[in-house]
Structures are given as structure tokens and as C-alpha cells.
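J.: dropping a prediction and its sequence here:
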Amino acid sequence: MMMENVVQGTNALGDFFLLSLDKEIYSREAIMKTCYAFTDNYYIHVVKVANNTTGICFYSKNEDHNNQHIDAGIRQFLQSLTENQMRQIIYQETSVLHEEIVKKAFAPATALINNKSHNDTLNIITSAV
């Protein structure tokens, strides 16, 4: 059973299914990352449908494409899209904390490099950075 935001069509590139996405819900980055993940099974073409709507055209790489195959692929795409959007939201909310953790984790190494040990005659500490 096809979803109402999916339209089937044909153009110069062949048969396709167009999935319309609201850009206020999904970011450009999440959409593009998800599209890339699906390029093994589908030829993907991203188009602007309206001011706040992006369209994803799915062209099957498999000659034996049927509505159930496309429907399952679109459902998987939407699940992956939601996951990518959530990852982006979490990253935006935690990026400052992440940077601080990394700084703290590498602070001892930075101190060693900045205070160059006199016992490091082979410059091993500085050459590793």
C-alpha cells in the first residue's frame, strides 16, 4: 500500500516513485545523508517540489521492481531519515560537551608536547602529532 506523499511517474530517466518531504521537518543534511545510503539499491534524484518541499525520486536499479519492493524501500528510507535527523539534533545539542570531553581527554598529551620532555632525544612525542 503506497503512502499518500508518494507519487508514481515516468520521465526521460524511466519509471520512478517521488517521495515528498517537508524541509521544515527534515534538514538538508539528513536528507542527503539518507539519499547517499540508498544509492546501492536505487538511483536517487533530489528535486525541489515547492518552497518547503523536497522531492526524492527513486529509480530502481533492479529490473524486477514492483510496488511492494518500492514501498518497503521508501519505508526504510523514512526510518533512516528519521534516524539521521535525530543524530543531527543530538549532535547540535551535545557538540559543545563533546568538544570539552575531547579537550580533557587529550590535555595530558598536549601538555607533554608543549613542555617537550628533555628525555625525548628522538623527538618521538612531537613526531607522533
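T.: Good, I have the coordinates. Numbers count the residues shown, from 1 in each chain.
J.: check contacts around the residue most central in space within the chain.
T.: Residue closest to the average C-alpha location in the chain (CA atoms, centre = their mean): K33, at 2.3 Å. Applying CB atoms under 8 Å, 6 or more residues apart in numbering to K33 gives the contacts N84. (Each C-beta comes from the backbone N, C-alpha and C, glycine too.)
J.: work out for me the element it sits within.
T.: Assigned by DSSP states H and E, K33 belongs to helix 28-37.
J.: in that helix, what counts as buried?
T.: A30, I31, K33, T34, C35, A37 (16 or more other CB atoms under 10 Å).
J.: mean confidence score for that helix?
T.: What helix 28-37 shows for mean pLDDT is 96.
J.: which strands or helices does the very next helix or strand once past that helix pack on?
T.: Later in the chain than helix 28-37, the nearest helix or strand by DSSP H and E is strand 42-50. If you count contacts as 3 or more CB pairs under 8 Å, 6 or more residues apart in numbering; DSSP states H and E, strand 42-50 packs onto strand 14-22, helix 28-37, strand 53-60.
J.: hey, what's the angle from strand 42-50 to helix 28-37? Just curious.
T.: 150 degrees (axes from the mean of the first three to the mean of the last three CA atoms, to 10 degrees).
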